[in-house]
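# Structure here, sequence nowhere to be found:
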């Protein structure tokens, strides 16, 4: 059994073992914070620049760095 806070790398991703409350359930390996991973490499630091949707999926820019993605079923053919 791993100790809380222990980390490991699998499939090119970093995981951290957490167990916030041992009386409720077992601990789990959680994918580490994406910001921590992104800051280790090159590029834009994991920022989303553009999100496109193809019908019936739509994407609408809400604010800087925030996009609302939804599914519009009214655009589909009736069956």
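All right, it came through fine. Remember, predicted model here, so these are calculated numbers, not experimental data.
# Residue 19: neighbour count?
If you count neighbours by other CB atoms under 10 Å, residue 19 ends up with 15. In short, each C-beta sits where N, CA and C put it, glycine included.
# and it, what does it touch?
4, 26, 27, 28 (CB atoms under 8 Å, 6 or more residues apart in numbering).
# and the last one, how far is that from residue 7?
In this case it means residue 28. Look at residue 28 and residue 7: by CB to CB, to the nearest Å, they are 13 Å apart.
# which strand residues sit across from residue 58 in the sheet?
residue 70 (DSSP bridges).
# Now do the same contact list for it.
Contacts for residue 58 (CB under 8 Å, 6+ apart) come out as 69, 70, 71, 72.
# Counting neighbours, what do you get for the nearest residue to residue 13 once chain neighbours are set aside?
Excluding the flanking residues, the one nearest residue 13 by CB to CB, 6 or more residues apart in numbering is residue 31, at 6.0 Å. For residue 31, the neighbour count with other CB under 10 Å is 11.
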